[in-house]
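Novice: Give me coordinates for this.
(one chain, ligands or ions: 1)
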Amino acid sequence: MRKKYYNMVEDMKKIRVFCRIRPVSRTEVAQDQDEAIVVKKIDDFSVTVETSRGQREFQFDKVFSAAASQEDLFHDTHLIQSALDGYNVCIFAYGQTGSGKTFTMVGDKEQKNLGIMPRSFNAIFDFIQENSSKFDFKVSAYMLELYNDRLQDLFVSPAGEAHAQAQSHGQARRVEIKRNKKGVVFAQGAETKEASSTQELYALFQQACANRHISATMNLESSRSHLIVGIMVESRNLTNGSVSTGKLSLVDLAGSERAAKTGAKDHQLKSLQEANSINKSLSALGDVISALSAELPHVPYRNSKLTQYATRVKAITNNAQRNVDSKEIAQLKEVIMKLRSGQTVEEDDD
Ligand SMILES: Nc1ncnc2c1ncn2[C@@H]1O[C@H](COP(=O)(O)OP(=O)(O)OP(=O)(O)O)[C@@H](O)[C@H]1O
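Specialist: Sure, this is the predicted structure:
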């Protein structure tokens, strides 16, 4: 495909949805393997799901079977390149509790199967190393969690937060979603830290994870908040001095589940509040995705903090599209049509 069209084609597609089927767990196998498997991969683009109303088929941009490795998944998302080219990219995992979101985005506890986040940190610095003779790079990050409809800066530990509150007479430090004059949404009050290697970025990430909320009930591994990792990569061309900034947002959403399932009496109220807040924001996210997919004129971003965050991605996408003239759009549409119908598009390194 023409290289210069790659990002634009991806940009016009706006949203790509992948489905990953998690392997059955030992407990599920012990119950009844045939009954346990409710999702079946039909081909690379479709699955069938056993529902109470019979079997239903769903289509995706790509389907990964239970045998797919973390490497397969990371390789096929190949959006890191776009972020490094100055685009805004967001990758998030959505699904029920226990469906494998954290495994996919972060990895396993033993760090033997690294997920998309640590693999992205690696890929960013590998790219920087390969291109250091042509560009000067600056990498910075913020890490937030959205818990009970409140944005929390994960670079600030709960102890640090308590200290700051004491200093400011009980006033909690606030991270707010704001929009600047250009319509770009940003997280005001969130600390941004620089990293100059994969190790430094990973250390920041581990520090952030240690400050996260976990389940008030259910299993202790369950995420009860949405984790938002924003990585900005600024590159300055050493030949002509031009500067571009790309951003990679990586999000591990909290699991959706029925509040009634979340048990343990002592924590019942907290648990209900968590579940309601999670389900409310996920439902708002679902509405935004439906509106974007149907290309509706109004996208309800403002209904939750989670979706307000997404307006940044959308605002940049609009700007990028405005910069493409109508002739190029016609050419791009032609490229997309060809790709969709399985035709190859000529190579050109412009
Ligand atoms: N593709 C996979 N291969 C092997 N094990 C997996 C895979 N996906 C998930 N698991 C395992 O299944 C369990 C649940 O996965 P995980 O914690 O990622 O779910 P989750 O969707 O993030 O849940 P929650 O919303 O409650 O945080 C974990 O023990 C995880 O290691």
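Novice: At which residues are the strands of the stretch 51-200 of the chain located?
Specialist: Under the criterion DSSP state E, counting those that start in this stretch, the stretch 51-200 of the chain contains strands at 54-59, 62-64, 88-93, 135-147, 150-153, 176-179, 185-188, 193-195.
Novice: Identify whichever of the ones you listed lies nearest to the ligand.
Specialist: Minimum separation from the ligand across the strands of the stretch 51-200 of the chain (Cβ to the nearest ligand atom) falls at strand 88-93, 7.2 Å. Just so you know, the C-beta spots here come from the backbone N, C-alpha and C atoms, and that holds for glycine as well.
Novice: Which strands border that closest one, and is each parallel or antiparallel?
Specialist: If you go by DSSP bridges, strand 88-93 pairs up with strand 243-252 (parallel).
Novice: Just want the angle from the strand it pairs with to strand 135-147.
Specialist: Between strand 243-252 and strand 135-147, the angle comes out at 30 degrees (axes from the mean of the first three to the mean of the last three Cα atoms, to 10 degrees).
Novice: one step back: out of the strands of the stretch 51-200 of the chain, nearest to residue 287?
Specialist: Residue 287 lies closest to strand 88-93 among those, at 15.4 Å (Cβ to Cβ).
Novice: any idea of the mean pLDDT in the closest one?
Specialist: When pLDDT is averaged over strand 88-93, the result is 84.
Novice: So for it, what gets flagged as buried?
Specialist: 88, 89, 90, 91, 92, 93 (16 or more other Cβ atoms under 10 Å).
Novice: From the structure, what's the count of residues near the residue of the stretch 201-350 of the chain found nearest the ligand?
Specialist: Proximity of the stretch 201-350 of the chain to the ligand (Cβ to the nearest ligand atom) peaks at residue 255, 2.3 Å away. For residue 255, the count of nearby residues is 23 (other Cβ atoms under 10 Å).
Novice: surely it meets residue 97?
Specialist: Yes. Contact criterion Cβ atoms under 8 Å: residue 255 and residue 97 qualify, at 3.1 Å.
Novice: Adding distance to residue 43, write the strands of the stretch 51-200 of the chain out as JSON lines.
Specialist: Output for the strands of the stretch 51-200 of the chain, formatted as JSON lines (distance: least, Cβ to Cβ, whole Å):
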{"stretch": "strand 54-59", "distance to residue 43": "10"}
{"stretch": "strand 62-64", "distance to residue 43": "7"}
{"stretch": "strand 88-93", "distance to residue 43": "22"}
{"stretch": "strand 135-147", "distance to residue 43": "36"}
{"stretch": "strand 150-153", "distance to residue 43": "40"}
{"stretch": "strand 176-179", "distance to residue 43": "40"}
{"stretch": "strand 185-188", "distance to residue 43": "38"}
{"stretch": "strand 193-195", "distance to residue 43": "40"}
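Novice: Residue 115: which of these is closest?
Specialist: Nearest of the strands of the stretch 51-200 of the chain to residue 115, taken as Cβ to Cβ: strand 88-93 at 8.8 Å.
Novice: Put the alpha carbons of that closest one into CSV.
Specialist: Provided in CSV are the C-alpha atoms of strand 88-93 (Å, rounded to 0.1, in the frame of the first residue of the first chain):
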residue,chain,number,x,y,z
ASN,A,88,-3.5,10.2,18.1
VAL,A,89,-4.2,6.5,18.7
CYS,A,90,-6.3,4.9,21.4
ILE,A,91,-6.4,1.2,22.1
PHE,A,92,-8.7,-0.2,24.8
ALA,A,93,-10.0,-3.5,26.0
